[in-house]
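S.K.: The following comprises the amino acid sequence and a computationally predicted model.
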Amino acid sequence: MSINENYSIKSGIYNKGEINLERIIESVKKSPEIKKAGSIHTFTGIVRESSVNGKPVINMKIDAYNELANISINKICENLKKENGIIDIKIIHLKGDFNLSEDLVYVVVASGHRKEGFKVISKAVDMYKKELAVWKKEIFSDGTSKWIH
Amino acid sequence: MIIEILYFAEIKEITKKERERFQISESNLKALLNVLFEKYELKNIIWDEKSQKIHNLISVVINNQVIQKKDPLFINLNDGDTIAFLLPVSGG
């Protein structure tokens, strides 16, 4: 994805290091309707030190089908923007190789009131996890690894 | 007919490529899979021996559109189509 100097950041798949949360929030604050917002909500998905079954994780790899994932991300954002009180929403999923605690995903929602924002950011996370053509591989401390499905 | 396949996740690791073009003589997915399985050890991931169909966990994508047909084996392909076989997703 590309980023221009006017902070017009598009939702989508980005390579690790291409973007950070601060720049996404700045972009949301440039939304034409931002003066109607009373809150900005953010979600950051990061690399956890253990898999769901407790196996120690040391690194993570994220692969993505950019074109397809970008179509899905835009659909999710378009649908959620129609929800009551939602001013803007951005979903950014990173791809590449990640260390523990590094950022993987950002969801930023601007809403008129906080309750609307909390509700929609939770929905957005559920939706991207289910719908995006993105895959993660956990690399374990014992030298093995596994793609998660 | 030339068809391009995009590879992701485990499938990319097996082929060691992001994308690849194949020449096929018949214009359907079955012909493409035959060529693919001859070249790479992918049959156990993509193919369900029991039902003799593409595994129901695999999503078939043609030109960035997910195919909804339950059995897409004999779906018609066109020269220049881009195909992907996707395993279930797992966002971060």
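M.R.: Yep, it's here.
S.K.: Start from the N-terminal end of chain B and give the strands.
M.R.: Secondary structure of chain B, counting by DSSP state E: strands at B:2-6, B:19-23, B:47-48, B:53-54, B:59-62, B:65-66, B:82-86.
S.K.: The residue in chain A positioned nearest to chain B is in what secondary structure piece?
M.R.: Residue of chain A nearest chain B, by C-beta to the nearest C-beta: A:L104 (3.2 Å). C-beta: built from backbone N, CA, C; applies to glycine. Secondary structure from DSSP states H and E places A:L104 in strand A:103-111.
S.K.: Could you check how far the longest helix along chain A is from the centre of its chain?
M.R.: Across chain A, the longest stretch assigned as helix under DSSP state H is helix A:114-131. Relative to its chain's centre, helix A:114-131 lies at 11 Å (C-alpha atoms, centre = their mean, to the nearest Å).
S.K.: Let's test this: mean pLDDT of that helix, rounded?
M.R.: Across helix A:114-131, pLDDT averages out at 97.
S.K.: what sits up against it?
M.R.: A:38-43, A:45, A:72-73, A:76-77, A:80, A:83-86, A:89, A:91, A:93, A:105, A:107, A:109-111, B:89-91 (C-beta atoms under 8 Å, 6 or more residues apart in numbering or on different chains).
S.K.: Any buried residues in stretch B:65-80, and which?
M.R.: Residues B:P72, B:I75, B:L77 are the ones in stretch B:65-80 that count as buried (16 or more other C-beta atoms under 10 Å in any protein chain shown).
S.K.: can you redo these as CSV with pLDDT and distance to chain A?
M.R.: Putting the buried residues of stretch B:65-80 into CSV (pLDDT from 0 to 100; distance: C-beta to the nearest C-beta, whole Å) gives the following:
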residue, pLDDT, distance to chain A
B:P72, 84, 16
B:I75, 88, 18
B:L77, 94, 18
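S.K.: any idea how far A:V108 is from A:H41?
M.R.: Computed as C-beta to C-beta, to the nearest Å, the A:V108 to A:H41 distance reads 7 Å.
S.K.: of those two, who's got more company?
M.R.: A count of neighbours by other C-beta atoms under 10 Å in any protein chain shown puts A:V108 above the other of A:V108 and A:H41, at 25 against 19.
S.K.: That one contacts A:T44, doesn't it?
M.R.: No. A:V108 sits out of contact with A:T44 when judged by C-beta atoms under 8 Å, with a separation of 9.5 Å.
S.K.: can you map out the helices along the chain?
M.R.: Assuming you mean chain A. A:21-29, A:66-81, A:114-131.
S.K.: my bad, chain B
M.R.: For chain B, the helices defined by DSSP H cover B:9-15, B:29-39, B:43-46.
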